[in-house]
Every structure is written in structure tokens, then in C-alpha cells.
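# I would like to see how this sequence folds:
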Amino acid sequence: MIYKNITSMEEHETSGELHMALRVSMGIIAVLSILSNGLLIAVFLRNRSLLRSSYNVLILSLAVTDMTTGVGLILTPSYIIGINNFPIPSGLAGELFCRIVVSYYLVFTLGIVSVYTITCLSLERWFAVAKPARYRAGFKSYRIYIMVATVWFISFLFNAPHLFEMKLGPENHCEWVSLTTGDVRRGVALIEFLGKFFVPLVMTCLSFLSLWVKVRDSPALFQTNRGKAGVRLLRMCAITAVVLAICWFPNQVYYLLFKFDITQMDTAAHQVTVVMCMGNSTLNPFIYCAINPSYRKHFINFLCPWRSGYDAADVISDDKRAHTMRNSNTASGYTQQSFPGARTSRFDDYNSRSASEIRI
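Numbers count the residues shown, from 1 in each chain. Down below sits the predicted model:
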């Protein structure tokens, strides 16, 4: 009996340490997520011309998603404040709070938004480089905003069944509700894993793999200034997608195994996966700064406007190069077919004039 009591006390202490580590980690993630993505959003608001490019609209949507994730982490009681320290309101407000926030519906739905947004970004880049004519018709400004709204709507709708997995119980305590059991539970979990994470991730990987093959097999098309700026943009988007996959994959697999009764929730391993996937919301602005000089200059101009070493005109020029890379590729291919003996300098001049004449 004494041995059992000692064991129980040790398990309780270990559990408390794990929860404290989780709360500290989530607190740091929430602050970094709000600050870093808030800064990126401020840069976009200050430079509205950036939003003329479809990929920047998607990147802005991703920043809003990640910053909202930081806010969601603060609101979710078990992550930072502690479920016992958070007063649950009564009535309808308490019911909604349990179903939307305490059930983790909000923060994990925002994760789905991030996955789908990255998939849209990869498809946008693929059409921009591989199918420029269809890109100009399909990615007009109003359509990209419709795409963003659709991503948010589908994500919240797809994850809506989880709203019914928790309810407000007696004495204003949130209680879990089991909706499915057995084979139905496992089947639903598998569909969720495929639809929310695996299939979008495969589409993203195939898109960037196709672009990598195109860049490798057609190096001449990417030697101009516009081509090089476009390659930097592709590299930035691809690294963003890879980091998201690395951060989210362990958690999604762990949750799927839990639905198959193989793993347990609220263990040290589970909490590590949660920290990884939520930590992804802090990383994107740092990736943009590290990989893409254009974003880095925008950040520096915003934070240090007195720095004369970073000319705004150079930043705008680099943005235009990346934005018009697809037009340069199309024009270059046309020129090489029509004038195979022409010099490279004439190619570049033709590409530059053609790109400047086409507005997307």
C-alpha cells in the first residue's frame, strides 16, 4: 500500500512537471507567434502594393492564421493558464467556450487552415511557373481572395464534428463526449488524417517537386534577374512547406494512432508533438527573412526606417522580379524558338520588355 502511494505521488509530480513544461513552452510560442506574425502583417499593411501579387495574399493569410493561433493558445485553458485557474462562464457562453476553445477545436482548425494555405501557395507557384497563361486567367486579384475565404471556410467546416466532442457539464466544467467507437471511430480518424493533412501535403510535395525539375532542366530560363528572384521565392515557399510538414507530421500520426488505441494522450511524447505543431506558427516570418532578401529588406525598412543602406526602390524592384518571373519564362521560350541564333543579351532585353508590358 505504501509502495502504491509513493508510486502515485511520483506519477502526480511527473505529470505536474510535464504540464508546467507545456505551459511555459506554449506561453513562449504564443508570444513569439503574435509578435512575429503581427510584425509581418504590419509590413503588408504598410506596403499595400505587395498584395497585388497572389502569393503575398496567401502569405498574409498564413500570417493571420499563425497570429490567431497565438491568441488561441492564450485562450485555451490547459495550455498556458491552467484549466483549474480559468473560470468557465455559465450558460450559452460557457457552452460555446467549451466546444470551441477548451476542446482545442480553434487551435487545431487553424492548423488545418495553415496546411491548406501552404497547398494553395504551392499550386499558385506551380501555375505561375509552369502554366503562366492559365495563371493570368485563374489567379486574378479577386479570385485569390475568394480562394483564401474558401480555405478558411472548408477548414472550419471539415473540423466541425469536433465541436460536439465536448460540452458544458455540471458546476461549469467542460466534459468530453465520445461520438464514435470501434471501427467507426478508426474510419473517421483515417479520413480526417488523409483529408486534413496527408493529401494536401502530398499535393504540396508534388507541386514543388515538379517546379524543382523544371528549374533543373531549364537553367537558362532562370538566369535573368527576374528568374533568380523567382527561384528565391520558390525556395522560400518550399522550405516553409517542409518545415510545416516536419512540425505537424508527428502530431497527426500520434493522434491517428490514439484513435486506433495504440498511443495515449497527455503523455510526454504527446505533449512534445503538440509543442512542435504549435511552434510552427512562430517560424514562418523568420524563414522569410532568412531565405528571401526582399522580405528581409521590408522588415528592416519597417523596424529601422532611418537605415539608408536598404533602399525601398531596391526592395520594390526585387518584388517585381519575382512577380514577373513567369512572364520572363514564357517570353524566353518564345524568343529561343523564333531566334535560335540570337545572343543572350537580346533574350534578356526581350524578356524585360515583355514582362513590363504584362500586368497580372
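
# tell me which element the residue sitting nearest the centre point of the chain falls in.
Most central residue of the chain, judged by C-alpha distance to the mean C-alpha position with Cα atoms, centre = their mean, is S114 at 3.5 Å. Element membership for S114 (DSSP states H and E) is helix 105-130.

# which positions in whichever strand or helix holds V275 come out as buried?
Secondary structure from DSSP H and E places V275 in helix 268-279. Applying a neighbour-count criterion of 16 or more other Cβ atoms under 10 Å, the buried positions in helix 268-279 are 270-279. Every C-beta, even on glycine, is put in place using the N, C-alpha and C of the backbone.

# helices along the stretch 1-150 of the chain, start to end?
Secondary structure of the stretch 1-150 of the chain (DSSP state H, counting those that start in this stretch): helices at 2-46, 54-75, 91-97, 105-130, 132-138, 141-158.

# contacts only, for the closest residue to S90 other than its chain neighbours.
Ranked by Cβ to Cβ, 6 or more residues apart in numbering and with sequence neighbours excluded, the top spatial neighbour of S90 is N172, at 5.4 Å. The contact partners of N172, by Cβ atoms under 8 Å, 6 or more residues apart in numbering, come to 87-90, 94.

# one more time with 10 Å
With contact taken as Cβ atoms under 10 Å, 6 or more residues apart in numbering, N172 is in contact with 87-91, 94, 97-98.

# what is the helix or strand harbouring I300 packed up against?
Applying DSSP H and E as the criterion places I300 in helix 293-303. Secondary structure elements in contact with helix 293-303, counted by 3 or more Cβ pairs under 10 Å, 6 or more residues apart in numbering; DSSP states H and E, are helix 2-46, helix 225-259, helix 284-291, helix 312-323.

# and the helix holding V275, what's its mean pLDDT?
Within the predicted structure, the mean pLDDT of helix 268-279 is 95.

# and the angle for that helix with helix 225-259?
Taking axes from the mean of the first three to the mean of the last three Cα atoms, to 10 degrees, helix 268-279 and helix 225-259 form an angle of 150 degrees between their directions.

# so helix 268-279 versus helix 54-75, what angle?
With the same axes, to 10 degrees applied, the angle from helix 268-279 to helix 54-75 works out at 130 degrees.

# from the contact counts, what lies against helix 268-279?
The criterion is 3+ Cβ pairs under 10 Å, 6+ apart, and the helices and strands that helix 268-279 contacts are helix 2-46, helix 54-75, helix 105-130, helix 225-259.

# cutoff 8 Å now
Other elements packing on helix 268-279 under the criterion 3 or more Cβ pairs under 8 Å, 6 or more residues apart in numbering; DSSP states H and E are helix 2-46, helix 225-259.

# in JSON lines, list those helices along with distance to I59 and mean pLDDT.
As requested, the helices and strands packed on helix 268-279 are exported to JSON lines (distance: least, Cβ to Cβ, whole Å; pLDDT from 0 to 100):
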{"stretch": "helix 2-46", "distance to I59": "8", "mean pLDDT": "75"}
{"stretch": "helix 225-259", "distance to I59": "8", "mean pLDDT": "89"}
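
# can you tell which of these is closest to V213?
Comparison of these against V213 by Cβ to Cβ identifies helix 225-259 as nearest, at 12.0 Å.

# gap between the closest one and the chain center?
In terms of Cα atoms, centre = their mean, to the nearest Å, the gap separating the centre of helix 225-259 from the centre of its chain is 8 Å.

# do stretch 34-46 as well
Computed by Cα atoms, centre = their mean, the chain-centroid distance of stretch 34-46 equals 15 Å.

# poorly predicted segments of this structure, please.
For the chain, the stretches flagged by pLDDT under 70 are 1-18, 219-226, 307-360.

# can you confirm I262 is in a strand?
No - counting by DSSP: H, G, I helix; E, B strand; the rest coil, one finds I262 to be coil, located in no strand.

# just give the number of residues close to it.
One way to gauge burial is a neighbour count; for I262, by other Cβ atoms under 10 Å, it gives 9.

# next one: the one 3 residues further on
M265 is flanked by 10 other residues according to other Cβ under 10 Å.

# what residues are up against the closest residue to it other than its chain neighbours?
On the basis of Cβ to Cβ, 6+ apart, the spatially nearest residue to M265 that is not a chain neighbour turns out to be F258, at 5.8 Å. Under the criterion of Cβ under 8 Å, 6+ apart, the contact partners of F258 comprise 264-265, 270.

# rewinding a little: for the nearest residue in space to the residue nearest to the centre of the chain that is not next to it in sequence, give its distance to P89.
Distance criterion Cβ to Cβ, 6+ apart; nearest residue to S114, sequence neighbours excluded, is T65 at 5.3 Å. Applying Cβ to Cβ, to the nearest Å, the value for T65 to P89 is 26 Å.
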